[in-house]
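1. Curious how this folds, go ahead:
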Amino acid sequence: MGDFGTDTERYQTAHDCARRKARDADLGTARAGGDMRLSVFHYPLNSWADAVVFNVLMGAATGVQMTELTRLSYAPMAEVFREIAPREARHAALGVEGLTQIAMTDKGRAQARTALSYWHPRVAASFGTKASPRFEALKRFGLRRQSNEALLADWTTKIDAQLAALNLA
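-> Just a heads-up that it's a prediction; the model follows:
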């Protein structure tokens, strides 16, 4: 993020991974104070399989969101998202490669399934509430096309297909 002008030292101080919430916390869709990161980024990663599953689920969610953002009515911003989208897609692909390797053994599949049961609802929450009061205003301005519910449904379809292909569904 430093390449985009972010003060990386300040970011680390404000977003210290060591201060993540308890694993069993239920943050829902709430943001933490002035921290605008999605609530899903406040949960701890407990293992390699946990981190890879998080990456796969969040990578697919990011892909769905990026598709939406590349269609913004404000062309300069949409262009920035079109430039970022291939990098995000590569991150997601790396996660799928890792999960493919993990799912090759019975032990790995069991670890992946445990992680999936933990992360799936938390990543799903990152799409926001079904009846977002802001959606209609954002749609009017051309900043959104699809509702949170439609984006979540798209993600669910995509992630279910990926997981089925890995015998993890």
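2. Longest helix in the protein, please.
-> helix 75-102 (DSSP state H).
3. and it, which residues are buried?
-> With burial defined by 16 or more other CB atoms under 10 Å, the residues of helix 75-102 counted as buried are 78, 81, 85, 88, 92, 95, 96, 98, 99, 102. Using the backbone N, CA and C atoms, a C-beta is placed for each residue, glycine as well.
4. What's the mean pLDDT across it?
-> For helix 75-102, mean pLDDT is 95.
5. and the helix or strand just after that helix, what does it pack onto?
-> Downstream of helix 75-102, the first helix or strand assigned by DSSP states H and E is helix 106-125. Under the contact definition 3 or more CB pairs under 8 Å, 6 or more residues apart in numbering; DSSP states H and E, helix 106-125 sits against helix 48-69, helix 75-102, helix 148-165.
6. With distance to residue 109 as added columns, please give those in CSV.
-> Formatted as CSV, the helices and strands packed on helix 106-125 follow (distance: least, CB to CB, whole Å):
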stretch, distance to residue 109
helix 48-69, 10
helix 75-102, 8
helix 148-165, 11
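7. For residue 40, which of the ones you listed is the nearest?
-> Closest approach to residue 40 among the helices and strands packed on helix 106-125 (CB to CB): helix 48-69, 6.7 Å.
8. Alpha carbons of the closest one, as CSV, please.
-> Extracted in CSV, the C-alpha atoms of helix 48-69 (Å, rounded to 0.1, in the frame of the first residue of the first chain):
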residue,chain,number,x,y,z
TRP,A,48,-1.8,-22.3,7.4
ALA,A,49,-5.1,-24.0,6.4
ASP,A,50,-7.0,-21.3,8.2
ALA,A,51,-5.1,-18.5,6.3
VAL,A,52,-5.5,-20.2,2.9
VAL,A,53,-9.2,-20.8,3.4
PHE,A,54,-9.6,-17.2,4.5
ASN,A,55,-7.7,-16.1,1.3
VAL,A,56,-9.9,-18.3,-1.0
LEU,A,57,-13.2,-17.1,0.5
MET,A,58,-12.1,-13.4,0.7
GLY,A,59,-10.4,-13.6,-2.7
ALA,A,60,-13.7,-14.7,-4.3
ALA,A,61,-15.6,-12.0,-2.3
THR,A,62,-13.1,-9.4,-3.5
GLY,A,63,-13.6,-10.6,-7.1
VAL,A,64,-17.3,-10.1,-6.9
GLN,A,65,-16.9,-6.7,-5.3
MET,A,66,-14.3,-5.6,-7.8
THR,A,67,-16.6,-6.5,-10.7
GLU,A,68,-19.2,-4.2,-9.2
LEU,A,69,-16.6,-1.4,-8.7
